[in-house]
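Novice: Next one to model:
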Amino acid sequence: MAAFDEGDAAGLHKWLSVINVEINTFTGKRIKKCNMKKIIGVLLLTIAVLVACKKNDTPSNKPVAKFSVSGYEEPTPSAITFINISSNASSYLWNFGDGTTSTESNPVHTYAFIGTYLLRLKVTGPDGADSTCKLLTIADIPAGNKSSFSYFNEKCIGTPVGISFKTVNPASTNIVWDFSSGVINVSRDPIVQFLLPGDYTIKYSSLIGGVRDTVIRIIRID
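Specialist: Predicted coordinates for the structure are as follows:
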């Protein structure tokens with residue numbers, strides 16, 4: 001069925017206005033008169049709904065900035081791969097949070113120092129621009145018998161937010177996480193949803209060479 005547009009609606013309204021405003025409908029032996037104005041109103045309302053649906057069905061070609069990262073399970077110096085999953089974009093501007101930038105589609109950037117970095121991506125396309133930001137925290141090289149972890153925030157501000165945690169010491173086994181929720185997680189590299197802003201005390205421990213080592217960090221979520 002062809003969709004109506006504003007021109008169709010105007011033409012139909014003009015056509016209906018010149019015909020007889022009353023029609024006769026037969027119900028058995030009696031003739032009942034129906035008000036054509038009511039019928040016209042229903043038809044025009046239906047057309048308006050069809051026009052609105054047609055507008056809403058128009059696909060959007062506006063660019064959407066989106067990315068992820070990999071490689072942060074490695075301690076510094078960490079070679080981080082930026083995975084670009086943006087749409088409707090033709091150019092990219094990355095800000096790695098350490099004073100360096102790139103215009104590549106999927107760059108690889110090495111972080112020489114530990115710390116938390118604000119990652120930004122701005123994309124541009126024929127129908128506009130969009131940007132997004134995330135946070136990456138990279139750990140130092142742990143001693144052979146020490147536990148350590150890095151993590152990646154799916155967005156730089158706001159909740160709910162997913163955070164991906166990575167075990168850094170390859171010798172770590174029997175991992176135990178406590179995310180301040182009272183629930184223990186034993187995955188090596190869990191992804192956790194934080195629903196509310198605040199300071200979260202993260203307790204991470206692992207067994208290394210038969211000895212358990214624990215590290216505690218406070219993560220602030222705005």
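Novice: Next, name the residue at the spatial heart of this structure.
Specialist: The chain has K66 as the residue nearest its centroid, 7.1 Å off, counting by CA atoms, centre = their mean.
Novice: Would you mind measuring from it to S102?
Specialist: Summarising the geometry, the distance separating K66 from S102, computed by CB to CB, to the nearest Å, is 17 Å. (Glycine included, C-beta is placed from N, CA and C.)
Novice: now D140
Specialist: Between D140 and S102 the distance is 24 Å, computed by CB to CB.
Novice: least trustworthy helix or strand in this structure by mean pLDDT?
Specialist: Among the helices and strands of the chain, strand 22-27 carries the lowest confidence by mean pLDDT, DSSP states H and E, at a mean of 42.
Novice: Next, count neighbours for T167.
Specialist: 23 (other CB atoms under 10 Å).
Novice: A129 too?
Specialist: Neighbour count of A129, defined by other CB under 10 Å: 14.
Novice: who's it bridged to?
Specialist: Beta-bridge pairing of A129, defined through DSSP bridges, involves T124.
Novice: which secondary structure elements does the helix or strand hosting R217 contact?
Specialist: R217 is part of strand 211-221 when elements are defined by DSSP states H and E. The contact analysis (3 or more CB pairs under 8 Å, 6 or more residues apart in numbering; DSSP states H and E) places strand 211-221 against strand 149-153, strand 198-208.
Novice: Which neighbouring elements make contact with the helix or strand hosting K122?
Specialist: Counting by DSSP H and E, the secondary-structure element that holds K122 is strand 115-125. Of the remaining helices and strands, those touching strand 115-125 by 3+ CB pairs under 8 Å, 6+ apart are strand 67-70, strand 78-84, strand 91-95, strand 128-138.
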